[in-house]
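[1] build me a structure from this.
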Amino acid sequence: MKRGIERMAMALLALVALAGTATHLRAAPFSQTRIILEINASAGDGGIQIFLDAPDWNRLEVFDPNGQRIFDVSGAGGAGMTGLTELFFESAEPSFQDLPLHQLLARFPEGQYQFEGTTVDGKRLTGRGALRHGIPAGPRVVSPVEGSTQSPTFPLVIDWDPVLGAFPGTASPVNVGWCPASC
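    Numbering: from 1, shown residues only. Got it, this is the predicted structure:
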């Protein structure tokens, strides 16, 4: 009987200890997480941009919708001990001749990208960012006319018609008003 009570007391202590560390098991959200495609029609190139924000993190990984890690960074030395907050980066932007748009889109599939991190005190951070391939057609430069020389103070005039179609080479529907939950 005494041995049974001792075992129950040990089990209860283990549960109390586990409950006390449960806050370390739960993940806190990143303040912001974003991933977007950047297409430069005039230069004929494209890539991705990622932005995130969270207090005092020192490790970050980003996973695509298939669970493949696409980015991994750690703070080291003083930066690792103090912690990081905001991070913005963009990929290289190879020309569509070197990397056709359909191949770029295949490298970065549509869907939810998972952000995983760790704070300097060991707490987990998580977040998500939605990437869509519905890229709107861009504006048309009205003035100055292409090939003309103008003063740097000459105003730039653009005409942005209602977006009714996708960027050439993309097939996903375009919704200009759409914004992921992390906006």
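[2] all helices for this protein, in order.
    Counting by DSSP state H, the chain has these helices, from start to end: 2-25, 77-82, 101-107.
[3] any idea of the mean pLDDT for stretch 137-151?
    Stretch 137-151 shows a mean pLDDT of 74.
[4] can you show me the strands along this protein?
    28-29, 32-40, 45-53, 57-63, 69-74, 87-90, 111-119, 124-131, 140-143, 157-159 (DSSP state E).
[5] restrict the third one to CA atoms and write it as CSV.
    Included here for strand 45-53 are C-alpha records, laid out as CSV according to Å, rounded to 0.1, in the frame of the first residue of the first chain:
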residue,chain,number,x,y,z
ASP,A,45,12.7,38.7,-63.6
GLY,A,46,11.2,37.6,-60.4
GLY,A,47,11.8,36.1,-56.9
ILE,A,48,10.3,36.0,-53.4
GLN,A,49,10.4,38.3,-50.4
ILE,A,50,9.9,37.3,-46.8
PHE,A,51,9.3,39.5,-43.8
LEU,A,52,8.8,38.5,-40.2
ASP,A,53,8.8,40.1,-36.8
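[6] how far away from the center of its chain is it?
    7 Å (C-alpha atoms, centre = their mean, to the nearest Å).
[7] how about low-confidence regions in the chain?
    Across the chain, the ranges flagged by pLDDT under 70 are 1-26, 160-164, 174-183.
[8] picking up where we left off before, so which of the strands of the chain gets nearest residue 81?
    Proximity to residue 81 (C-beta to C-beta) singles out strand 57-63 among the strands of the chain, at 7.7 Å. Placement of C-beta: from N, CA and C, glycine included.
[9] can you list the buried residues in that closest one?
    57, 58, 59, 60, 62, 63 (16 or more other C-beta atoms under 10 Å).
[10] cool, stretch 44-52 as well?
    Of the residues in stretch 44-52, those buried (16+ other C-beta under 10 Å) are 45, 46, 47, 48, 50, 51, 52.
[11] of all the residues you listed, which comes closest to residue 152?
    residue 45 (24.7 Å).
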